[in-house]
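Enquirer: I need the structure of the sequence given here:
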Amino acid sequence: VILGQKVHIRHTGSGNGQIFPSSGNMYLNAKDGETSLVAMADAGVHLFYNNAQKFVTTNTGAVVTGILTATSFSGSGANLTGTYLEFAILIGADLSDANLSGAKLHKSLLVGTDLTNANLTGAKLTDSDLSGTVFNGASLQGADLSGANLSGARGKNLIACPYALPSGWVCKNNSLIQGK
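Expert: Numbers count the residues shown, from 1 in each chain. Here you go, the predicted structure:
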């Protein structure tokens, strides 16, 4: 019950139901004083965790506050240039042909990620777990992989070698090689 405002509940006849206020925004609260969802008239939808906003839809997509975990990624990655993702989790993601030029993926988890032919020019992948990641044909010019875990990583036919590699790794003949 909302005092002073009408809320409409109706059945559409096609098996769907609708709940909406006669004016203003729709709030769903998990308990008194704790907002869980706000549906704004002619605008975005806001999702909350423990009364803290975490996800908002916009006219161009969505905005996430905090860590976003994905089990997969698809698409060209063409607009990821200059991305800053600390503690990103992209396990087994297909980022082949992605443009990650200048991206900062500090302390991220990219285990088994396919970065074939990706542009990582000037990218910072410091202290990230890149085990099992494939860099074949990637451009790593100016990239900083210092402190990264490259266990099982592969990189041949690189367009350019990275600026910095973790201890025990070298780039020779445009290939990433783990030292003995």
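Enquirer: mean confidence for stretch 129-138?
Expert: In this model, stretch 129-138 has an average pLDDT of 94.
Enquirer: any residues touching it, and which ones?
Expert: Identification of contacts with stretch 129-138 by C-beta atoms under 8 Å, 6 or more residues apart in numbering yields 108-120, 145, 148-159, 176. In short, each C-beta sits where N, CA and C put it, glycine included.
Enquirer: Tell me which of the residues you listed fall in strands.
Expert: residue 176 (DSSP state E).
Enquirer: Would you mind checking the contacts of stretch 129-138 for buried ones?
Expert: 108-111, 113-120, 145, 148-150, 153, 155, 158, 176 (16 or more other C-beta atoms under 10 Å).
Enquirer: So for the protein, the centremost residue is which one?
Expert: residue 68 (5.7 Å; C-alpha atoms, centre = their mean).
Enquirer: gap between that one and residue 134?
Expert: Between residue 68 and residue 134 the computed distance is 23 Å (C-beta to C-beta, to the nearest Å).
Enquirer: Could you list the low-pLDDT ranges of the chain?
Expert: Residues of the chain that meet the criterion pLDDT under 70 lie in 1-5, 69-88, 180.
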